[in-house]
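Enquirer: Quick one, structure for this:
(one chain, ligands or ions: 2)
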Amino acid sequence: ARKIIIDTDPGIDDAMAILFAFQAPQLEVLGLTTTFGNVSVELATQNAIKLTEIAKVTVPVAKGVAIPSQIAPRPHPDFVHGKDGFGNIDLPAPQGKAIEKSAAQFIVDTVREFPGEVTLIALGPLGNLAKALELDPEVANLVDEVVLMGGTAIEYGNVSPVAEANIMNDPHAADKVFTAPWQVTMIGLDVTHQVLLDNDILGRIRQANPEEGGFLFDCAQYYIDFYSSRFDMNGCYFHDASTIAYVMDPSIFGVELGAVRVACEGIGIGQTIFAPQGMTFPEPHWNDVPMTQVCMEVNSEKLLSLFETTLS
Ligand code: BDR
Ligand code: CA
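Expert: Numbering: from 1, shown residues only. Ligands and ions are numbered 1, 2, ... in the order given. Below you'll find the model as predicted:
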């Protein structure tokens, strides 16, 4: 099985991604690391532990960064994920505790333990990954792949016309991640806005798998209400769980190679700027930027069916 660490800010779609990964026989989840984003890092950590208890798995949870590296924190989007991060469903607190190590230290130690084998899946702002690179720059060469949900190459943003929320929450950290010498795959709004998850699918998962499916169905209602009230849609976009599908079956996606950098100030702050491979520019910001794989196409039917069958 492919070894993964999931860095996360749960979050309703984070919960979908994590329970999906726990159920996937192709994946071995080595740990969860948490960050602020949809909720505070304290609550994200509680929620991550809760997910391990719902799935009845024992994996370490390591708490990570509480604020962006260089900008003021933005308010938590409780109108999208609820005050509890799970759509205000009033769950009891988890029993377990986070480990003593920080998220960044856990990432470094685990990658060192399994050189070349660990894929980092990032579902929130990228502060923990940036910190891991600072603690030990060598990890860039020792990680198998970084697969992140965030950004957008050509689709509109979701927190500004050009910015996606995870990148906007810590643009400096994101720019570090995109310019470090590791293989990064970006799964952004270009593809996640092409996939609609609805109550038909969630209802079937609940029927087949009452515990996990019931939990996901319940927390998704708040999220679906948000999307249905804002946009002309009957369901929600499929953000974080797309990364899990990608590591299980990359053929579901079509990718383009290019350099990605992040605007760190001004009106375009948080924008992931994409320069397709082969284009050269005299501007020094674009010298020697590593190639990112940017997902631009997705087979929505195949993706949703992988999600449904894995969780059922
Ligand atoms: C991303 O932002 C968060 O609110 C979601 O969990 C997802 O990771 C979508 O822009
Ligand atoms: Ca997330």
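Enquirer: if I pick the closest residue to Asp198 other than its chain neighbours, what's in contact with it?
Expert: Spatial nearest neighbour of Asp198, excluding adjacent residues (CB to CB, 6 or more residues apart in numbering): Gly235 at 3.4 Å. (C-beta placed from N, C-alpha, C; glycine too.) By CB atoms under 8 Å, 6 or more residues apart in numbering, the contact list for Gly235 reads 196-199, 224, 227-228.
Enquirer: how long is stretch 65-76 end to end?
Expert: Start to finish, the residues bounding stretch 65-76 are 15 Å apart (CA to CA, to the nearest Å).
Enquirer: List the buried residues of it.
Expert: Neighbour-count burial for stretch 65-76, counted by 16 or more other CB atoms under 10 Å, picks out 65, 67-69, 71, 74, 76.
Enquirer: Just the closest of those residues to Gly11, please.
Expert: Gly11 has its nearest neighbour among the buried residues of stretch 65-76 in His76, at 10.1 Å by CB to CB.
Enquirer: measure that closest one to Glu301 for me?
Expert: 34 Å (CB to CB, to the nearest Å).
Enquirer: Tell me if Val147 really is in a strand.
Expert: Yes - judged by DSSP: H, G, I helix; E, B strand; the rest coil, Val147 forms part of a strand.
Enquirer: so what pLDDT did Ser229 get?
Expert: Ser229 carries a pLDDT value of 94.
Enquirer: Can you tell me which helices and strands the helix or strand Thr243 falls within packs against?
Expert: Element membership for Thr243, per DSSP states H and E: helix 241-248. Applying 3 or more CB pairs under 8 Å, 6 or more residues apart in numbering; DSSP states H and E, we find helix 241-248 packed against helix 12-23, strand 27-34, strand 118-122, strand 143-149, strand 184-187, strand 291-298, helix 300-311.
Enquirer: if we compare these, which one ends up closest to ligand 2?
Expert: Nearest of the helices and strands packed on helix 241-248 to ligand 2, taken as CB to the ion: helix 12-23 at 4.3 Å.
Enquirer: does any bit of that closest one sit next to ligand 1?
Expert: Yes - for helix 12-23, a contact with ligand 1 is found by CB under 6 Å from any ligand atom, at 13-14.
Enquirer: now that helix and strand 143-149, what's the angle there?
Expert: 140 degrees (axes from the mean of the first three to the mean of the last three CA atoms, to 10 degrees).
Enquirer: Just want the angle from helix 12-23 to helix 300-311.
Expert: Using the same axes, to 10 degrees: helix 12-23 against helix 300-311 is 60 degrees.
Enquirer: 46 is where my numbering starts, stick with that
Expert: Got it, the first residue is 46 from now on, which makes the last one we talked about helix 57-68.
Enquirer: quick one, phi/psi of whichever residue of the stretch 96-245 of the chain sits closest to ligand 2?
Expert: Ligand 2 sits closest to Leu168 of the stretch 96-245 of the chain, with a gap of 4.1 Å, by CB to the ion. Torsion angles at Leu168 (phi, psi; degrees, to the nearest 10) stand at phi -120, psi 10.
Enquirer: How about the contacts made by the residue most central in space within the chain?
Expert: For the chain, the residue nearest the mean C-alpha position is Leu168 (1.4 Å; CA atoms, centre = their mean). Counting by CB under 8 Å, 6+ apart, Leu168 makes contact with 51-54, 56, 58-59, 62, 193-194, 211, 285, 288.
Enquirer: and what of Val339?
Expert: Taking CB under 8 Å, 6+ apart, one finds 198, 230-231, 233, 235, 300-303, 305, 319 in contact with Val339.
Enquirer: Which of those ranks first by neighbour count?
Expert: Met231 (31 neighbours; other CB atoms under 10 Å).
Enquirer: wait, that one sits on Thr317?
Expert: Yes - contact criterion CB atoms under 8 Å: Met231 and Thr317 qualify, at 7.1 Å.
Enquirer: what residues are shared contacts of the two?
Expert: 195-196, 198, 223, 305.
Enquirer: Please name the nearest non-neighbouring residue to the residue in the stretch 96-245 of the chain that ligand 1 sits nearest to.
Expert: Using CB to the nearest ligand atom, the single residue of the stretch 96-245 of the chain nearest to ligand 1 is Ala210, 3.8 Å away. Distance criterion CB to CB, 6+ apart; nearest residue to Ala210, sequence neighbours excluded, is Val204 at 4.9 Å.
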